[in-house]
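K.L.:
Okay, predicted coordinates and the sequence, questions at the end:
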Amino acid sequence: MVETGLERFIAAPPAWIFGQRLGLLCNPASADREFRHARELIHGRFPGKIRALYSPQHGFFAEKQDNMIESDHTADPALDIPVFSLYGETRVPTAEMFDPIDTLIIDLQDAGTRVYTFIYTASYCLEAAKKFGKKILVLDRPNPAGGTAVEGNCLSPEYASFVGRFPIPMRHGLTVGEILRLFNEFYGIGCDLEIIPMKGWRREMFFRDTRLPWIAPSPNLPAPESAMVYPGQVLWEGTNISEGRGTAQPFEIFGAPFLDTENILSMLGGNRVPGAILRPIGFEPTSNKWKGFLCRGFQIHVTDPHQYRPYITTLRLLEIICFLHRGSFEWKLPPYEYEFEKLPIDLIIGSAEIRRRLENFDDINDIEASWQDELHAFAETSRKFHLYP
């Protein structure tokens, strides 16, 4: 049985934390296997010690649907404490936000993908803790995309943004505790950081293997399967292809009114890719891109998560669609995550060069080969921060 960092912390908190004024960075997925929220559990264990709550992108209730939809500061009526939004007027904690606390507890369910912003909200908290003399305690959780595979090019520094602060690959293979150790030690943040690791989690596990309940960490990751495909399917956010927002299966499905699914499968060589099957579908989004229009596209059915490679799979599909639909396919224009000049796809991929190679219809295998050295270097570095076998 897998026990989360939250569950282990409540059962046996470190002695130093008694008497500390506590803050909690969390959202609805910050819960135990009985669906009890971290705020409730920590308040019960340390009555009166939680002095402030903090929320990442999508809001304290994970209610905000899309990018650049900010949340306001609010208050928790039960505890009569502030709830500071870290995706609002600022994404960097201020001195005033950290004044009420001595230790910030971070309990967030990450998606295991470079562009998922929770790890950057947490990294800003680490920097603020260093600046203001606070301590960080991370309650670790599983990587739903698995902990053995790393995939994709590392972010080019000139394309750093809130969807990529550090030169890591798209699928990083680390838990939130491990990647924050990497940020803190390897990239030199240097705050007072402690991790409460999970018990029973192994690197080869995907989320279904943990038998933990899945609570959506953001509105468009409703199931572990959506998180599994997300490291590739998030690329559609930089295009005029619907990534399935406004449907019940975001990221698992994708399409547009102009897609020719038969020709796409013909160029792909059939409906099977390593570890998955593409099923042609039609769907009509109720919001976001192509709202109210019938879209032709696919649902990705993952049949073997150990063989499935989400990033290279979607890159291959993206290049095919670029080729087949040159008159209709478009890159989405800025802004995207507070960047107003660079193309969103370049921020998501982390490289303009790879986008240009897709436009030139270079062989995907050659494109993938171009980043292997940097990917292997990251894998070697990241192993030093592993907490689990």
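P.N.:
Sure thing, it's come through. Numbering: from 1, shown residues only.

K.L.:
For the most centrally placed residue in the chain, give me its contacts.
P.N.:
Taking Cα atoms, centre = their mean, the centroid of the chain lies closest to Tyr116, which sits 2.7 Å from it. Applying Cβ atoms under 8 Å, 6 or more residues apart in numbering, one finds that Tyr116 lies in contact with 110, 230. Placement of C-beta: from N, CA and C, glycine included.

K.L.:
pretty sure Arg8 is in a helix, no?
P.N.:
Yes: membership of Arg8 in a helix is supported by DSSP: H, G, I helix; E, B strand; the rest coil.

K.L.:
Can you get me a residue count around it?
P.N.:
The number of residues packed near Arg8 is 16, by other Cβ atoms under 10 Å.

K.L.:
List the residues that contact it.
P.N.:
139, 196-199.

K.L.:
ok, 7 Å please
P.N.:
196, 199 (Cβ atoms under 7 Å, 6 or more residues apart in numbering).

K.L.:
Number the chain from 43, please
P.N.:
Happy to do that; since the first residue is 43 now, the last one works out to Arg50.

K.L.:
Could you export stretch 173-193 as PDB, keeping only the C-alpha atoms?
P.N.:
The C-alpha trace of stretch 173-193 is given here as PDB (Å, rounded to 0.1, in the frame of the first residue of the first chain):
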ATOM      1  CA  LYS A 173      14.800  35.300   1.100                       C
ATOM      2  CA  PHE A 174      12.500  35.700   4.200                       C
ATOM      3  CA  GLY A 175      14.100  33.100   6.400                       C
ATOM      4  CA  LYS A 176      11.300  30.500   6.400                       C
ATOM      5  CA  LYS A 177      11.400  26.700   6.200                       C
ATOM      6  CA  ILE A 178       9.700  24.500   3.500                       C
ATOM      7  CA  LEU A 179       8.200  21.100   4.200                       C
ATOM      8  CA  VAL A 180       7.100  19.100   1.200                       C
ATOM      9  CA  LEU A 181       4.600  16.200   1.600                       C
ATOM     10  CA  ASP A 182       5.400  14.000  -1.400                       C
ATOM     11  CA  ARG A 183       3.000  12.400  -3.800                       C
ATOM     12  CA  PRO A 184       3.200  10.100  -6.800                       C
ATOM     13  CA  ASN A 185       4.300  11.100 -10.300                       C
ATOM     14  CA  PRO A 186       1.200  10.000 -12.400                       C
ATOM     15  CA  ALA A 187       3.400   9.800 -15.500                       C
ATOM     16  CA  GLY A 188       5.700   7.300 -13.800                       C
ATOM     17  CA  GLY A 189       9.100   7.500 -12.300                       C
ATOM     18  CA  THR A 190      11.300   5.600 -14.600                       C
ATOM     19  CA  ALA A 191      10.900   7.200 -18.100                       C
ATOM     20  CA  VAL A 192      12.300  10.600 -19.000                       C
ATOM     21  CA  GLU A 193      11.300  12.000 -22.400                       C
END
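
K.L.:
in it, what counts as buried?
P.N.:
For stretch 173-193, burial by neighbour count (16 or more other Cβ atoms under 10 Å) applies to 176-189, 191-193.

K.L.:
again, but for stretch 266-286
P.N.:
Those would be 266-286, for stretch 266-286 by 16+ other Cβ under 10 Å.

K.L.:
same deal with stretch 286-298?
P.N.:
286-289, 291-298.

K.L.:
and the next element down the chain from the helix or strand bottoming out on mean pLDDT in the chain?
P.N.:
The least trusted helix or strand in the chain, going by mean pLDDT, DSSP states H and E, turns out to be strand 116-118, with a mean of 94. The helix or strand immediately downstream of strand 116-118 is strand 123-127, counting by DSSP states H and E.

K.L.:
What mean pLDDT does the very next helix or strand once past that following strand get?
P.N.:
Next in sequence after strand 123-127, counting helices and strands by DSSP H and E, comes helix 137-140. Per-residue pLDDT over helix 137-140 has a mean of 98.

K.L.:
now for helix 137-140, which elements pack on it?
P.N.:
Judged by 3 or more Cβ pairs under 7 Å, 6 or more residues apart in numbering; DSSP states H and E, helix 137-140 is in contact with helix 160-174.

K.L.:
Quick check: the gap between the closest residue to Asp388 other than its chain neighbours and Gly101.
P.N.:
The spatially closest residue to Asp388, leaving aside those adjacent along the chain, is Ala394, at 4.5 Å (Cβ to Cβ, 6 or more residues apart in numbering). Per Cβ to Cβ, to the nearest Å, Ala394 is found 32 Å from Gly101.

K.L.:
between those two, who's got more neighbours?
P.N.:
Using other Cβ under 10 Å, the more surrounded residue of Ala394 and Gly101 is Gly101, with 23 against 16.

K.L.:
on that earlier part again, okay, and which of the buried residues of stretch 173-193 map to strands?
P.N.:
177-181, 193 (DSSP state E).

K.L.:
Kindly reformat these as TSV and extend each row with distance to Trp332 and pLDDT.
P.N.:
Formatted as TSV, these follow (distance: Cβ to Cβ, whole Å; pLDDT from 0 to 100):
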residue	distance to Trp332	pLDDT
Lys177	47	98
Ile178	42	98
Leu179	44	98
Val180	39	99
Leu181	39	98
Glu193	28	98
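
K.L.:
now, among those residues, which is nearest to Thr423?
P.N.:
Glu193 (15.7 Å; Cβ to Cβ).

K.L.:
Any stretches of the stretch 43-192 of the chain with poor pLDDT?
P.N.:
The stretch 43-192 of the chain contains no residues with pLDDT under 70.

K.L.:
Repeat that for the stretch 193-342 of the chain.
P.N.:
Along the stretch 193-342 of the chain, the model assigns pLDDT under 70 to no residue.

K.L.:
Going along the chain, name the strands of the chain.
P.N.:
With DSSP E as the criterion, the chain has strands spanning 64-67, 92-97, 116-118, 123-127, 145-148, 177-181, 193-196, 211-213, 234-238, 295-298, 314-315, 318-325, 337-344.
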